[in-house]
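Chemist: A structural model of the following input is requested.
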Amino acid sequence: MGFTFAALLGFLSWAPVARAQDSTIRAIQNIFDPLSAPAETLYQVSLLVMAVCAVIFLVVGGLLTYAIIRYRRRGPEDDHEEPPQVYGSAAIELAWTVPPILIVVMLVLVTARTIGEIQHPKMPDAAEQVRIIGHRYWWEVRYPKHDVVTANEIHVPLSSRTNRLPTQMVLESADVIHGFWVPQLNGKTMLVPNYRNTMWIEPYATGIYLGNCTVLCGQQHANMLIRVIVDTPEVYQKWLESQKQVPVAEPQVAEGQQQFIANSCGTCHHIENVRGATGVFGPDLTHFSGRATLGSGVALNDDQHLRSWLVNPQDLKPGCLMPNMQLSSNQVDSILAYLRTLK
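Modeler: Okay, here's the model as predicted:
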C-alpha cells in the first residue's frame, strides 16, 4: 500500500481524465484520480504521507540551507573559529528523537486503520462476485453467481454513493505469482499459487479502466494487461444475459468449426456446447467475438489482428503459450469466420 516507482510514474504523468462515458478509456493509470471507494481511501492516505514527507523535506532542507549559508567559509581567519559545541544537549536530542517517533506512530495507526477498512469491508447482499485466475499470460474471469465464464475483460456494475453495488474479487493463480493492479479502482493484490486472496472495487464512473500484472511472471509479463469495464447496472445485466446465451454455429461456418476441432484448438480452449472444445489451458472462447481485444489486450480484436494471431501468435505476443499451428490460408479463413460467430 506504500508508494512504489510505478505509483510515482503515475503521479508524474498525471493529466485530467474525462468523466463518466461508457466508451471512455482511462488509459492513464493514475492513483491520484480515484474513481472507486477503496482507491479513494488509499488516495487520502497518500496525501497524508506526501504532506508529512513534504514537511520533513522542508524542515531538513531549510536547516541544511541555513547551515550552509550561516557557517560557510569566508576566509583563512575562519579556520581558527570553532563552532558552538552541542554535545549532550537534551533539547536537541529530544528534537531529533521525539518528533520522528510520533510521526512513525501516527503513520502506523493511519495505515493500520486503512488496511482494516479495505480488507474487512461491510458488503451489502447485492454485492457482485468475480473470481479471477491469473495464467501466463492472460486472465480467466468467472462469475459464480451467474455461471458465466469469460477472459481478459472484466465487466462490473457501476455503484453510487447512495445505492452501493460493490464487486468482491477472489484472486487466484494457476501457475506463478501474478499481481493485479488497476490504480483508479484499488491497490495492488498478489495472486499466489495454492492461495486465495481477495479484494473489492466500487467504481463511481463508467468506462474502461486499464491495469497491469505487477509481478514479473515471464517473457510476456508486460503484455498481461487488465481491462475492467464498468457498466451501468442495466447494461451490466444485459451483458450477463448475453454471456448466458450459447452461440449457434451457422451452416456456412461449419467448416471452420471442424477445422478448429481438427487442429486441436479445443484441447486448450473451451466453447460451450461444442464437442471436442473442452480445454481449460487457454481462454474460454464461447463469446470470443464479443470482446474488444485479443491476447489479453495486446491487440484489437479485428480481422487483421485475428488473422495474424491465427497464422502465428508469436508475431503479436512472443513467448505466449499458444503455438504456431502451421495453418494453411484456407484453414485460417474458415476458423476466423467461425470465431466471428461466437458473440
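Chemist: roughly how far is stretch 63-71 from the heart of the chain?
Modeler: 46 Å (CA atoms, centre = their mean, to the nearest Å).
Chemist: all strands for the stretch 1-150 of the chain, in order.
Modeler: Along the stretch 1-150 of the chain, counting by DSSP state E, counting those that start in this stretch, strands occupy 25-26, 128-135, 138-143, 148-151.
Chemist: between these, which gets nearest to Ala67?
Modeler: strand 25-26 (46.2 Å; CB to CB). Placement of C-beta: from N, CA and C, glycine included.
Chemist: other SSEs contacting that closest one?
Modeler: strand 207-213 (3 or more CB pairs under 8 Å, 6 or more residues apart in numbering; DSSP states H and E).
Chemist: Contacts for the strand it packs on, please.
Modeler: 20-27, 29, 35, 134, 137, 178-185, 203, 221-222, 224-230, 297 (CB atoms under 8 Å, 6 or more residues apart in numbering).
Chemist: in the stretch 101-250 of the chain, which spans are helices?
Modeler: 233-244 (DSSP state H, counting those that start in this stretch).
Chemist: Please determine how far Asn223 is located from Ala51.
Modeler: Look at Asn223 and Ala51: by CB to CB, to the nearest Å, they are 37 Å apart.
Chemist: Mind checking which of these two has more residues around it?
Modeler: Asn223 (20 against 10; other CB atoms under 10 Å).
Chemist: What is the longest helix of this protein by residue count?
Modeler: In the chain, with assignment by DSSP state H, the single longest helix is helix 37-70.
Chemist: What is the least confident helix or strand in this structure?
Modeler: helix 5-12 (a mean of 36; mean pLDDT, DSSP states H and E).
Chemist: Run through the bridge partners of Arg227.
Modeler: Beta-bridge partners of Arg227, counted by DSSP bridges, are Glu153, Leu210.
Chemist: So if we follow the domain assignment, how does the protein break up?
Modeler: Segmentation of the chain into domains, based on automatic domain parsing, reads 128-242, 251-339.
Chemist: which residues does the residue lying closest to Cys217 once chain neighbours are set aside contact?
Modeler: Excluding the flanking residues, the one nearest Cys217 by CB to CB, 6 or more residues apart in numbering is Val176, at 5.0 Å. By CB under 8 Å, 6+ apart, the residues touching Val176 are Arg136, Pro193, Cys217, Gly218.
Chemist: gap between the third one and Leu321?
Modeler: Counting by CB to CB, the gap from Cys217 to Leu321 is 12 Å.
Chemist: Which one's more surrounded, the two?
Modeler: When Cys217 and Leu321 are compared for neighbours, Cys217 comes out ahead with 20 against 16, by other CB under 10 Å.
Chemist: Pro34 touches Glu40, doesn't it?
Modeler: Yes - shown here, Pro34 and Glu40 form a contact pair, counting by CB atoms under 8 Å, at 4.4 Å.
Chemist: Nothing else from me, thank you.
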